[in-house]
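Participant: model this:
(chains A, B, C and D)
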2 protein chains.
Amino acid sequence: MAYSQLLLSNQLCFRFYALERELMAAYRPLLDHLGLTYAQYITMLYLWENETGTVGELCSALSLDTGTMSPLLKRLEASSLIERKRLPSDERTVMVSLTAKGRELEQKAITIPDHIASCLLSNNKDEQGRKFQLLREMLDETLEQLKETRKEREKGRH
Amino acid sequence: MAYSQLLLSNQLCFRFYALERELMAAYRPLLDHLGLTYAQYITMLYLWENETGTVGELCSALSLDTGTMSPLLKRLEASSLIERKRLPSDERTVMVSLTAKGRELEQKAITIPDHIASCLLSNNKDEQGRKFQLLREMLDETLEQLKETRKEREKGRH
DNA sequence: TCCTGTTCTATTGCGTACAATATAACAGAC
DNA sequence: GTCTGTTATATTGTACGCAATAGAACAGGA
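Facilitator: Just a heads-up that it's a prediction; the model follows:
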């Protein structure tokens, strides 16, 4: 027999894990229509917002590893949505920027947030709106707490 | 310039995405100690709780695809933590069960939930306890809503 | 200039995650 | 018993996600 803390039904983290994948499943048909994966989508979100960015800035903003970002950017470049150019001032740095085609794609994406919201919301939208505001705050707090704990852990190892 | 709904900072889903990976990062050093990944860990959680299960039951309980579960179980079997046997009564069905070694591993795992909780909690633990109760409820509601929407979407396609 | 250490990106290897497909075993109709 | 359709699992191919490593470019000191 299992210890109660190890029961799946008691695990907050399993809920996050399952919810994240269910969310991705909600995005998938919408993003298929744009020819993007979710990781590629948030990369485009960053670029629609900032026009350009280095690989490091993208990794940092999206909390992604270079081992994920590097091939992802190559695929976006292969789709002609972005360009990659090394800076003349520092040949180590790769600057990523939108192509015309990449900029145009934003028009196709603007309906996505509303569509996802309709998957998340049920009946009484007003109450739900307040609830999601609260949820967002709790997620931000939790994320901040996790990052802090992680930093301390990593500091302790040096 | 980007549309406000497409701003990363406004996206609830990006928070889930980032939080899920930060959570996995918190688990990783603990699970490394057991020689498990998170997906393998929740599979073991299921088996510690239920002793046995078919591949389909595991997939359903953990919301995982057979394409994920099948090789995962092979790795757990290679680590001698589980056994896989086809049922004599129905040769299509594979029954998964714990080995003695797999059952023993639970002892090493019982400290993990407390450790993760300490990564999630900050100062005033009492208030945080209530907060996480609320968070859990909201995650359950959201997950339920997403699954329902998904079912309707899939029903609509047939 | 040469050496050393750092920074920035890319690559490799392993383990998910999932769509699509394959395969074997079963169940029922005839 | 054979055919047909269904069920349960496995396999293949693509794309993350991340640790570890590699490699090129830069910065500063002797």
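
Participant: okay, now A:Gly67: neighbour count?
Facilitator: As a burial measure, A:Gly67 scores 9 neighbours (other Cβ atoms under 10 Å in any protein chain shown). C-beta: built from backbone N, CA, C; applies to glycine.

Participant: so where does it fall, helix or strand?
Facilitator: Following DSSP states H and E, one finds A:Gly67 within helix A:66-78.

Participant: Next, the angle from the next helix-or-strand element following that helix to helix A:66-78.
Facilitator: Next helix or strand after helix A:66-78 toward the C-terminus (DSSP H and E): strand A:82-86. Taking axes from the mean of the first three to the mean of the last three Cα atoms, to 10 degrees, strand A:82-86 and helix A:66-78 form an angle of 120 degrees between their directions.

Participant: Now the element after strand A:82-86, going C-ward?
Facilitator: strand A:94-98.

Participant: do that next one and chain B meet at all?
Facilitator: No: Strand A:94-98 lies apart from chain B when judged by Cβ under 8 Å from any Cβ of the partner chain; the minimum separation is 11.2 Å.

Participant: other SSEs contacting that strand?
Facilitator: Applying 3 or more Cβ pairs under 8 Å, 6 or more residues apart in numbering or on different chains; DSSP states H and E, one finds that strand A:94-98 contacts helix A:38-50, strand A:52-54, helix A:55-62, strand A:82-86.

Participant: switch to 6 Å and redo it
Facilitator: Packing partners of strand A:94-98 (3 or more Cβ pairs under 6 Å, 6 or more residues apart in numbering or on different chains; DSSP states H and E): strand A:52-54, strand A:82-86.

Participant: roughly how far is the helix holding A:Gly67 from the heart of the chain?
Facilitator: Mean C-alpha position of helix A:66-78 versus that of the full chain (Cα atoms, centre = their mean, to the nearest Å) differs by 15 Å.

Participant: Look at the one residue in chain A that gets nearest to DNA strand D and report its pLDDT.
Facilitator: Closest contact between chain A and DNA strand D, by Cβ to the nearest atom of the strand, is at A:Gly67 (2.7 Å). Listed pLDDT for A:Gly67 reads 97.

Participant: any idea how far it is from A:Leu73?
Facilitator: Distance, A:Gly67 to A:Leu73, by Cβ to Cβ, to the nearest Å: 12 Å.

Participant: Then A:Glu51?
Facilitator: As judged by Cβ to Cβ, A:Glu51 and A:Leu73 stand 15 Å apart.

Participant: More neighbours: which of these two?
Facilitator: Between A:Glu51 and A:Leu73, counted using other Cβ under 10 Å, the more crowded position is A:Leu73 (21 against 13).

Participant: Can you tell me how far that one is from DNA strand C?
Facilitator: The spacing between A:Leu73 and DNA strand C, counted by Cβ to the nearest atom of the strand, to the nearest Å, is 6 Å.

Participant: repeat for A:Glu104
Facilitator: 24 Å.

Participant: Over to A:Ala25?
Facilitator: Using Cβ to the nearest atom of the strand, we find A:Ala25 at a distance of 6 Å from DNA strand C.

Participant: Where does that residue sit: helix, strand or coil?
Facilitator: Secondary structure, DSSP: H, G, I helix; E, B strand; the rest coil: A:Ala25 is helix.

Participant: okay, now it: neighbour count?
Facilitator: Every residue meeting other Cβ under 10 Å relative to A:Ala25 is counted, giving 16.

Participant: Pull up the residues of chain A that are close to DNA strand C.
Facilitator: Within reach of DNA strand C by Cβ under 7 Å from any atom of the strand, chain A has these residues: A:17, A:21, A:24-25, A:28, A:54-56, A:59, A:66-67, A:69-71, A:73-74, A:84, A:90, A:92-94.

Participant: and with 10 Å instead?
Facilitator: Applying Cβ under 10 Å from any atom of the strand, we find that chain A lies next to DNA strand C at A:17-18, A:20-25, A:28-29, A:32, A:53-60, A:65-74, A:77, A:84, A:86-87, A:90-96.

Participant: Next, the contact list for the most centrally placed residue in chain A, please.
Facilitator: Within chain A, one residue has its C-alpha closest to the average C-alpha position: by Cα atoms, centre = their mean, that is A:Ile42, at 4.8 Å. Neighbouring residues of A:Ile42 by Cβ atoms under 6 Å, 6 or more residues apart in numbering or on different chains: A:Leu62.
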